[in-house]
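Chemist: Structure for this input, please:
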Amino acid sequence: MTQDPETLLRAMFSAAIASAQPEKCVPGALPGQPKGRFIVVGAGKASAQMAKVVEDNWSGSIEGLVVTRYGYGAACRHIEVVEAAHPVPDANSVEAAGRILQKVRNLRLDDLVLCLISGGGSALMCLPGEGLTLEDKQAVNRALLASGAPIGEMNVVRRHLSGVKGGRLAAACHPARLVTLLISDVPGDNPADIASGPTIADPTTCADALEIVGRYGVALPAAARALLESGRGETVKPGDRRLARAEARVIATPRMALLAAAQVARDAGLAPIILGDRIEGEARDIGKAMAAIALSCADHGEPARAPCVLLSGGETTVTVRGDGRGGRNVEFLLSLAIALNGAPNIHALAGDTDGVDGAEEVAGAVAAPDTLARAFGRGINPQDALARNDAHTFFAALDNQVVTGPTRTNVNDFRAIFVAK
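Modeler: Numbers count the residues shown, from 1 in each chain. Predicted coordinates for the structure are as follows:
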């Protein structure tokens with residue numbers, strides 16, 4: 001291996017992102033030409049780029065509207081692109097959701113709707129449920145993000161407080177044919193959890209949502225609690241006749257990204273070990289566990305002998321206790337570095353494949369054996385930074401951030417730990 005550790009780690013991250021680019025995964029999944037109208041709608045951080053690829057590979061008439069994150073737009077000719085806020089929705093999110101619903105109403109049997117869904121769609125296409133305001137939805141989103149709840153449970157709550165999620169968009173498309181293309185950013189790739197499943201039947205209930213908010217101590221606005229307790233927030237269920245002509249295709253996944261990174265490792269003469277693509281839990285706890293595995297490789301050659309690379313994906317959570325600048329990937333990495341305690345020959349990178357970790361325009365960071373020593377040399381206490389959920393500030397001070405800019409895709413968290421000889 002001739003590359004230095006950080007260069008290798010960054011190359012693996014780049015390969016993971018490249019594997020999920022819409023130009024690679026959209027063209028082969030497109031449906032055939034309909035007899036009637038062809039309407040494209042969608043939401044998510046990859047939706048605009050997906051729409052552009054659809055246009056580039058479509059010969060017939062086309063119209064539509066997609067909503068993406070600010071800065072994640074693409075130059076489409078026929079499909080309108082709207083930008084909105086993430087991770088907390090704004091007025092553009094609400095307006096876009098309403099306009100998307102209008103686009104698909106009053107369609108006919110010969111019409112075709114192509115829905116382009118990727119991570120981030122829950123906030124970007126936000127239509128408050130009956131009796132709720134945008135401010136209510138913003139409060140719920142902030143509370144859920146700080147609660148430590150896994151993404152699947154957060155989305156159960158979101159679906160039941162929405163006017164578009166939980167299969168409602170699919171129901172609005174009836175009787176037209178509906179094909180949904182999904183880029184997965186959720187552990188397990190469950191279509192109902194990707195952007196809270198606007199075109200997917202939902203087996204969960206308002207009672208399930210209430211149980212989740214109670215278990216995590218999520219404070220709900222009065223109108224949101226009333227909507228759940230009354231049952232008026234119920235979603236579209238499996239077997240609903242309006243979804244009979246709806247199908248969903250998952251076209252890019254976190255596992256595909258890990259496999260692409262693994263090939264980079266092999267090309268460098270290293271043994272890649274994929275520990276899993278659906279790892280969840282508190283970021284700092286996963287950091288400790290991954291450190292223990294890396295040390296076992298270094299000290300005992302188990303589960304792999306050095307030199308090797310440990311790869312994993314999924315979506316960890318952060319229970320916010322401090323007032324720092326952080327994200328789940330950098331919190332994982334800081335916890336990992338603390339647990340490794342300067343162990344020689346172990347380097348790591350953690351980042352979000354959408355280019356944004358938490359609310360920062362920073363994908364993640366890298367850590368090395370000298371990370372803690374360099375921090376202490378600058379008067380920075382790593383434990384204090386972790387306690388304040390301030391990992392972005394920590395890695396920025398060391399000039400160890402990973403900044404990609406908008407990647408226009410999203411297959412969730414990426415973690416790589418290189419154990420050298």
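
Chemist: Can you read off the pLDDT for the spatially closest residue to residue 316 that is not a sequence neighbour?
Modeler: Leaving aside its chain neighbours, residue 316 sits nearest to residue 283 (4.0 Å; criterion: CB to CB, 6 or more residues apart in numbering). Yep, even glycine has a C-beta here, placed from its N, CA and C like the rest. Residue 283 carries a pLDDT value of 97.

Chemist: for the closest residue to residue 150 other than its chain neighbours, what are its contacts?
Modeler: Distances taken as CB to CB, 6+ apart put residue 280 closest to residue 150, at 4.9 Å, once the chain neighbours are dropped. The contact partners of residue 280, taken as CB atoms under 8 Å, 6 or more residues apart in numbering, are 150-151, 187, 314-317.

Chemist: What of residue 27?
Modeler: 53, 57 are the contacts of residue 27 under CB under 8 Å, 6+ apart.

Chemist: Now do the phi/psi pair for it.
Modeler: phi -50, psi -40 (degrees, to the nearest 10).

Chemist: so the residue nearest to residue 316 makes contact with residue 317?
Modeler: Yes. Counting by CB atoms under 8 Å, residue 283 touches residue 317, with 6.7 Å between them.

Chemist: what is in contact with those two at once?
Modeler: residue 328.

Chemist: Go ahead and confirm residue 134 touches residue 88.
Modeler: No. Using CB under 8 Å, residue 134 is not in contact with residue 88; the gap is 10.0 Å.

Chemist: just to revisit the earlier point, ok, so of the contacts of residue 280, who is nearest residue 178?
Modeler: residue 151 (24.0 Å; CB to CB).

Chemist: where does the stretch 1-150 of the chain have low pLDDT?
Modeler: 1-2 (pLDDT under 70).

Chemist: who has more neighbours, residue 283 and residue 317?
Modeler: The residue with more neighbours, out of residue 283 and residue 317, is residue 283; 29 against 22, by other CB atoms under 10 Å.

Chemist: which residues does the more buried one contact?
Modeler: 316-318, 328-329, 331-332, 335.

Chemist: which is the next helix or strand following the longest helix belonging to the chain?
Modeler: Across the chain, the longest stretch assigned as helix under DSSP state H is helix 283-300. Downstream of helix 283-300, the next assigned helix or strand under DSSP states H and E is strand 308-314.

Chemist: Quick check on the contacts of residue 280: which are buried?
Modeler: For the contacts of residue 280, a neighbour count by 16 or more other CB atoms under 10 Å gives the buried set as 150-151, 187, 314-317.

Chemist: Now tabulate those in TSV and tack on secondary structure.
Modeler: Putting the buried ones among the contacts of residue 280 into TSV (DSSP: H, G, I helix; E, B strand; the rest coil) gives the following:
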residue	secondary structure
150	coil
151	helix
187	coil
314	strand
315	coil
316	coil
317	strand
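
Chemist: Closest to residue 197 out of the residues you listed?
Modeler: Once CB to CB is applied, the member of the buried ones among the contacts of residue 280 that ends up nearest residue 197 is residue 151, at 12.1 Å.

Chemist: Would you confirm that that closest one contacts residue 187?
Modeler: Yes. Applying CB under 8 Å, one finds residue 151 in contact with residue 187, separated by 7.2 Å.

Chemist: which residues do those two both contact?
Modeler: In contact with both residue 151 and residue 187: 280, 315, using CB under 8 Å, 6+ apart.

Chemist: could you give the angle of the top strand by length along the chain to strand 308-314?
Modeler: Counting residues, the longest strand found in the chain (DSSP state E) is strand 271-279. Our comparison of strand 271-279 with strand 308-314, counting by axes from the mean of the first three to the mean of the last three CA atoms, to 10 degrees, yields an angle of 10 degrees.

Chemist: so what secondary structure elements neighbour strand 271-279?
Modeler: The helices and strands touching strand 271-279, judged by 3 or more CB pairs under 8 Å, 6 or more residues apart in numbering; DSSP states H and E, are helix 254-267, helix 283-300, strand 308-314.

Chemist: do that again at 7 Å, thanks
Modeler: helix 254-267, strand 308-314 (3 or more CB pairs under 7 Å, 6 or more residues apart in numbering; DSSP states H and E).
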